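Undergrad: with the sequence up front, the predicted model follows.
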Amino acid sequence: MQNKNTEEKSKPGILEKLFHLKENHTDVKTEILAGITTFMTMAYILVVNPNILSVAGMDSGAVFTATALASMIATLLMAIFANYPFVLAPAMGLNAYFAYTVVLQMGYTWQMALAAVFCEGILFILLSLTNVREAIFNAIPMNLKHAVSVGIGLFIAFTGLQNAKIVIDSSTLVSLYSFKASINEGRFFTEGITVLLALLGILITGILVIKNVKGNILWGILITWALGMLCQLTGLYKPDAEAGFFSMFPDFSAGFKIPDISPTFFKMDFSHIFSLDFFVVLFAFLFVDLFDTLGTLIGVASKADMLDKDGKMPRIRGALLSDAIGTLTGAILGTSTTTTFVESTAGVAEGGRTGLTAVVAAVLFGFSLFLSPIFLAIPSFATAPALVTVGFLMITSITKIDFTDYTESIPAYICMIAMPFMYSISEGISLGVISYVVINLLTGKVKTKKISILMYVLAILFILKYILI
């Protein structure tokens with residue numbers, strides 16, 4: 001009887017069977033914490049995406065619901081197909097291209113733009129099933145992959161600084177926020193105090209990281225948000241909705257109902273599908289998403305030590321396929337391109353290593369439909385410290401780059417600086433690949449290096465992109 005009980009206790013639980021937690025050196029508690037952290041870090045998309053796409057004439061409530069559903073479905077697919085701790089949602093950058101370029105600048109309807117996203121999803125599924133995307137991932141040299149991780153770290157840190165308005169636009173392109181100007185102009189108790197709280201949040205999160213507090217990034221978000229609510233209660237922060245500064249507290253006046261999705265559901269317009277302009281729009285979505293996704297997967301996987309000795313990522317086909325189906329699903333629901341989020345690094349930094357992290361984040365996206373007032377209340381200044389901290393954790397990959405070989409380190413350097421300075425992950429990859437091939441070709445190093453044929457093809461395609469588009 002005792003042996004039977006011992007055998008039953010030794011049997012792996014359902015979560016162990018599904019996600020192989022021990023094999024990935026993690027546990028249920030760590031994965032849950034990682035999932036919550038990733039969700040909290042990227043919950044801003046539930047606010048930002050509807051705001052951006054509403055500029056194109058889309059119903060913001062419907063977009064909110066579409067955003068939450070698309071994120072939930074795509075993230076669950078990531079857990080099922082690949083067992084990775086990556087979380088997906090409508091991509092920042094591509095939503096801006098959708099609204100400001102395709103609709104406002106080019107004059108197309110948002111229905112036509114959704115059709116382009118839908119077609120992009122179909123093409124991505126085909127590319128994923130035929131190993132094209134996987135081949136591109138494996139063709140990129142290891143030093144360049146580490147550079148991508150560093151570049152994304154700089155990019156995400158810069159994004160966090162901008163979201164918190166610590167770094168602002170100026171006559172010198174960017175500059176530090178001026179507290180003196182905010183006091184003189186009467187903005188300190190609305191805007192200025194949030195910048196101060198973000199800076200304080202960065203210090204608090206940094207201290208928690210140094211002290212190795214479990215859940216340090218998540219605690220950094222919650223403490224910063226709590227300080228904001230305290231400032232509002234004491235009058236140090238004064239909401240001004242017209243200026244874009246809202247109450248720190250959740251608004252339950254509208255109840256817990258889910259916003260109606262019907263205004264955007266299956267509203268795609270395929271009437272322009274054979275036009276040249278439609279192809280240009282489709283190609284732009286396809287290109288940016290392809291290399292932003294690859295860049296994110298490389299960066300996050302590198303940080304989590306998920307790449308094998310050859311720099312390849314196991315189960316990448318499943319990861320790419322979930323991304324492709326997520327894009328297709330998002331278009332049907334009524335949102336722009338859905339892709340793997342860089343903020344997944346926050347969960348990885350907390351120890352997330354399996355699809356259980358993704359499942360937790362997906363469940364929270366599902367709950368956000370019912371508890372939208374709570375999740376929509378998380379201010380951007382509270383998530384900014386997390387982004388800055390994750391950026392620090394990612395740039396540590398720079399120590400893995402071989403700086404003694406200039407044919408490796410110079411392309412890596414170009415790749416790293418291009419991402420934050422050009423504000424594009426895909427541009428960093430493009431310039432990194434071009435410079436890697438050209439430098440090694442002109443210095444005669446190709447004879448001693450096994451540069452993939454695909455790297456030459458990519459370099460040519462990237463050069464043509466800059467010439468023709």
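TA: Okay, I see it.
Undergrad: report the mean confidence score over stretch 438-447.
TA: Regarding stretch 438-447, the rounded mean pLDDT is 90.
Undergrad: stretch 357-371 now?
TA: 93.
Undergrad: mind exporting the C-alpha coordinates of that stretch to CSV?
TA: Listed next in CSV are the C-alpha coordinates belonging to stretch 357-371 (Å, rounded to 0.1, in the frame of the first residue of the first chain):
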residue,chain,number,x,y,z
THR,A,357,3.6,31.7,-18.2
ALA,A,358,1.8,32.4,-21.5
VAL,A,359,-1.3,30.7,-20.3
VAL,A,360,-1.4,32.9,-17.2
ALA,A,361,-1.0,36.0,-19.3
ALA,A,362,-3.7,34.8,-21.7
VAL,A,363,-6.1,34.2,-18.8
LEU,A,364,-5.5,37.7,-17.6
PHE,A,365,-6.3,39.1,-21.0
GLY,A,366,-9.5,37.2,-20.8
PHE,A,367,-10.3,38.6,-17.4
SER,A,368,-9.5,42.0,-18.6
LEU,A,369,-12.7,41.9,-20.7
PHE,A,370,-14.7,41.8,-17.4
LEU,A,371,-12.4,43.9,-15.3
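Undergrad: show me what counts as buried in that stretch.
TA: 357, 358, 359, 360, 361, 362, 363, 364, 365, 366, 368, 369 (16 or more other CB atoms under 10 Å). Every residue, glycine included, has its C-beta placed from N, CA and C.
Undergrad: what does stretch 229-249 give?
TA: Residues 229, 231, 232, 236, 237, 245, 248 are the ones in stretch 229-249 that count as buried (16+ other CB under 10 Å).
Undergrad: show me where the stretch 151-300 of the chain has its strands.
TA: 167-170, 173-176 (DSSP state E, counting those that start in this stretch).
Undergrad: alpha carbons only: can I get the last one in CSV?
TA: So that's strand 173-176. The C-alpha coordinates for strand 173-176 follow below in CSV (Å, rounded to 0.1, in the frame of the first residue of the first chain):
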residue,chain,number,x,y,z
LEU,A,173,15.4,65.8,-31.2
VAL,A,174,15.1,64.6,-27.7
SER,A,175,15.8,66.0,-24.2
LEU,A,176,15.2,65.4,-20.5
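Undergrad: need the contact partners of it.
TA: 166, 167, 168 (CB atoms under 8 Å, 6 or more residues apart in numbering).
Undergrad: from the residues you listed, which single one is nearest residue 212?
TA: residue 166 (25.8 Å; CB to CB).
Undergrad: what about the helices in the stretch 1-150 of the chain?
TA: For the stretch 1-150 of the chain, applying DSSP state H, counting those that start in this stretch gives helices covering 2-10, 14-19, 28-42, 45-54, 60-82, 94-96, 110-129, 132-139, 142-163.
Undergrad: residues contacting the closest residue to residue 454 other than its chain neighbours?
TA: Leaving aside its chain neighbours, residue 454 sits nearest to residue 139 (4.0 Å; criterion: CB to CB, 6 or more residues apart in numbering). Contacts of residue 139 were listed using CB under 8 Å, 6+ apart, and they are 452, 454, 455, 458.
Undergrad: how about residue 327?
TA: Listed by CB under 8 Å, 6+ apart, the contact set of residue 327 reads 74, 117, 120, 121, 124, 289, 337, 338, 339.
Undergrad: with residue 166 instead?
TA: With CB under 8 Å, 6+ apart, residue 166 has these contacts: 176, 177, 195, 198, 199, 384.
Undergrad: now with 10 Å, please.
TA: 160, 176, 177, 194, 195, 196, 198, 199, 202, 381, 384, 388 (CB atoms under 10 Å, 6 or more residues apart in numbering).
Undergrad: do residue 339 as well
TA: Contacts of residue 339 (CB under 10 Å, 6+ apart): 74, 88-94, 124, 288-290, 292-293, 296-297, 323-324, 326-327, 330.
Undergrad: what do you get for residue 190?
TA: Residue 190 makes contact with 182, 237, 238, 239, 240, 243, 244, 245, according to CB under 10 Å, 6+ apart.
Undergrad: distance of the first one from residue 230?
TA: Right, the one you point to is residue 182. 20 Å (CB to CB, to the nearest Å).
Undergrad: state the distance from the residue nearest to residue 454 to residue 310.
TA: Separation of residue 139 from residue 310 (CB to CB): 11 Å.
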